[in-house]
Structures are given as C-alpha cells and as structure tokens.
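Enquirer: After the sequence you'll find the predicted model.
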Amino acid sequence: MTTYLEAEANPIRNTGAIRLYGPEAFEGMRRACGLTARCLDGLAELVVPGVTTQALDDFVYDFALANDAVPATLNYRGYTKSVCTSINHVVCHGVPNDKPLKEGDIVNIDVTLIVDGWHGDSSRMYPVGKLKRAAERLCEVTYRSLLLGIEAVRPGGHIGDIGEAIQSYAESERCSVVRDFCGHGVGKLFHDAPNILHYGRRGEGPEMKPGMIFTIEPMINLGRPHVKILNDGWTAVTRDRTLSAQYEHTLGVTEEGCEVFTHSPGGLDTPGIAFEREPAAAE
Ligand code: MF3
Ligand code: CO
Ligand code: CO
C-alpha cells in the first residue's frame, strides 16, 4: 500500500512514504533546479576534445560555491566528486578523472546542486566534437524517451504510465532500457520515495498526486540492458560495452500535469540544438 505524507510536517528521511509538497517547496525547487540548469548550460562550451572530466568537476564545484550552493554528490555515500561524468559505454556514476575527452565521445554530465536545502538534479548528454550517427541517434532516442515519460505525468495517472511510455518507445527504436537504476523522489532529500522505473506497464505503481516531486532519468543502451559496476564501486558500464545515454529532469506534479523545474534557460538541453552548436575556438 502507498502512503502519502504532508512534506512540511514530517522528518527528513526516506520512510518509503511519498511526500506531497506545497507552494513553498515548489518555489525552493525552482531555485535549486534553475541553478542546476544554468550550471549544465555553462558546461556546454567546456566539453571539447582534450578537456578532462576533472576540469568539468572543478567547474561545477566553483560554480556551486560562487552561487551559495553545494554539490550534492560531494561526500555522498563516499563519493568524492561534485558531478558524475559518464562517457560512451558508461551508463551512470562515472567518476571524473584526468583522462582527456576524445573527438566522437558522448558524455553525460549529471549535476545536483543544493540551494537552501532543496536538491536540483538534472543531466544531459554532451557531444565531444563531431559524433558518429549511431551515437547521435542514441542521444536523440534517449532525450525523446525522457520527453515521453514527462508527458505521461498527470494527477490520477500511475508511475507505471511513465515507465511504459519510455520503454515502449525506446524498444521500438531497437534500444534497451537499463533496469538497475531508476528516477526518485527528491526535495530536501537527494533520493527519496517513490522509485521511478523507466520500464513497466500503464496503471501499475503508486498513483501520481499534485505536490509530488521526482526525477525521470532514463538510461538507454544501443545493445542489451545489462550493467556491471567497476572495481571503483561506482562506475556502471554496459556488460556488452555498447553505448549508453541518459537525460534527467526534476519535476513537480501539478493539478494540470507537471512543471519541469530543470529546463535549460539557454534552450541547450535538447540534442538537436546542443549538437549543432559551433565548436568553441580551438586553443
Ligand atoms: N545524480 C545522480 C542521480 O541522478 C546520483 C548520483 S549519486 C553519486 O540520482 F553518488 F553517484 F554521485
Ligand atoms: Co537523479
Ligand atoms: Co542526477
């Protein structure tokens, strides 16, 4: 059975109950998510061949502190970076390091900034120079699957409606949906109930109600859906080493449908636009 809680009146820990937030929380989430989106916009011009993912991590750390925010992943469950950078066959939780990005790589950058206690969680794919068509297509399919998931959000619907929308589309494009990671409730807690599966069936799972706040963050593979975790304890990769992509938005359920909190102010969050931008001047 699903339990719903009035968010303001209940302690901050994941009890499995689904919190329903009021206008103040929505305002707080708009601020945190807006800053996260600006940070992701700022990263766009930095992602060029030769840059290290550590340099991207440094940018996010500096951006957060300059804006009175804290990167949520820093010291989260033993993670020591400000951002996750997941390249090519890395599905998620790639750890920034000093290896330079190469022409043709696709990299997901996942940023969560905490502002006044509220968590803004979002990620996008960034092209490194010119991409092969397969990589570009995977990013387009993944972005489209996120949009279809978002379109399935409405009060009275069920969480399974989101999963079905994503899965049926991704599979119709001969791609697969990763099962081992999911979206999540978010607010003053980074990862809260409910789990948002990116596969499933319409009508299954908890009912969506106005005031719920959660992420949708499908990971879509060109090959099979199975993943393994590398020895660093974090980096998740596709078992068959095929490419994987991910996009993530944080949103709130409203009376009419939903409000996406992490849209790009610069309109840079769609692959069509992000992938056609002029490359930054060579160093
Ligand atoms: N931002 C990721 C998410 O979308 C979580 C990263 S947790 C970390 O939920 F510890 F791996 F950084
Ligand atoms: Co998330
Ligand atoms: Co994230």
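Expert: The structure has been received and is ready for your questions. Ligands and ions are numbered 1, 2, ... in the order given.

Enquirer: gap between the spatially most central residue of the chain and ligand 2?
Expert: Geometric centre of the chain, nearest residue: Glu248, 2.5 Å, by C-alpha atoms, centre = their mean. Relative to ligand 2, Glu248 is positioned 5 Å away (C-beta to the ion, to the nearest Å). All C-beta spots, glycine's among them, are computed from the backbone N, C-alpha and C.

Enquirer: That residue and Glu217 touch, don't they?
Expert: Yes. Using C-beta atoms under 8 Å, Glu248 is in contact with Glu217, at 3.5 Å.

Enquirer: shared neighbours, those two?
Expert: Overlap of the contact sets of Glu248 and Glu217 (by C-beta atoms under 8 Å, 6 or more residues apart in numbering) consists of Asp121, Ser123, Leu146, Gly183.

Enquirer: isn't the third one right up against Ala245?
Expert: So the one you mean is Leu146. No. In this structure, Leu146 sits apart from Ala245 without contact. The criterion is C-beta under 8 Å, and the distance is 10.1 Å.

Enquirer: So for those two, which sits in the more crowded spot?
Expert: Taking other C-beta atoms under 10 Å, Leu146 and Ala245 do not tie; Ala245 has more neighbours (29 against 26).

Enquirer: dump the residue contacts of the more buried one.
Expert: Contact analysis of Ala245 by C-beta under 8 Å, 6+ apart lists Ile106, Asn108, Met125, Leu138, Cys139, Val141, Thr142, Met219, Ile220.

Enquirer: swap in Met29?
Expert: Residues Tyr21, Trp118, Gly120, Gly187, Ile213, Thr250, Gly252, Phe261 are the ones in contact with Met29 under the rule C-beta under 8 Å, 6+ apart.

Enquirer: returning to that earlier point: right, and the pair among the shared contacts of Glu248 and Glu217 with maximum separation?
Expert: Pairwise distances across the shared contacts of Glu248 and Glu217 (C-beta to C-beta) peak at 13.1 Å, for the pair Asp121 and Leu146.

Enquirer: who touches both of the two?
Expert: Shared contacts of Asp121 and Leu146, counting by C-beta under 8 Å, 6+ apart, come down to Glu217, Glu248.

Enquirer: End to end on stretch 266-274, go ahead and measure it.
Expert: The first and final residues of stretch 266-274 sit 10 Å from each other (C-alpha to C-alpha, to the nearest Å).

Enquirer: Now for Asp116, how many residues are close by?
Expert: 11.

Enquirer: Excluding residues flanking it in the chain, which one is nearest it?
Expert: Gly28 (5.8 Å; C-beta to C-beta, 6 or more residues apart in numbering).

Enquirer: what separates the helix or strand hosting that neighbour from the chain centre, distance-wise?
Expert: Taking DSSP states H and E as the criterion, the element that holds Gly28 is helix 23-43. The offset between the C-alpha centroid of helix 23-43 and the centroid of the whole chain comes to 13 Å, using C-alpha atoms, centre = their mean, to the nearest Å.

Enquirer: where along the stretch 151-283 of the chain do the helices fall?
Expert: Taking DSSP state H, counting those that start in this stretch to define them, one finds helices in the stretch 151-283 of the chain at 159-172, 271-274.

Enquirer: From the contact counts, what lies against the longest one?
Expert: Under the contact criterion of 3 or more C-beta pairs under 8 Å, 6 or more residues apart in numbering; DSSP states H and E, the helices and strands touching helix 159-172 comprise helix 133-151, strand 176-177, strand 192-196.

Enquirer: measure stretch 83-93 end to end?
Expert: For stretch 83-93, the separation between the terminal residues is 9 Å (C-alpha to C-alpha).

Enquirer: Please see if that stretch touches ligand 2.
Expert: No. Contact of stretch 83-93 with ligand 2 (C-beta under 5 Å from the ion) is absent, the minimum separation being 9.1 Å.

Enquirer: Determine whether any part of that stretch lies close to ligand 1.
Expert: Yes. In this structure, stretch 83-93 sits against ligand 1 according to C-beta under 6 Å from any ligand atom; the contacting residues are Cys84, His93.
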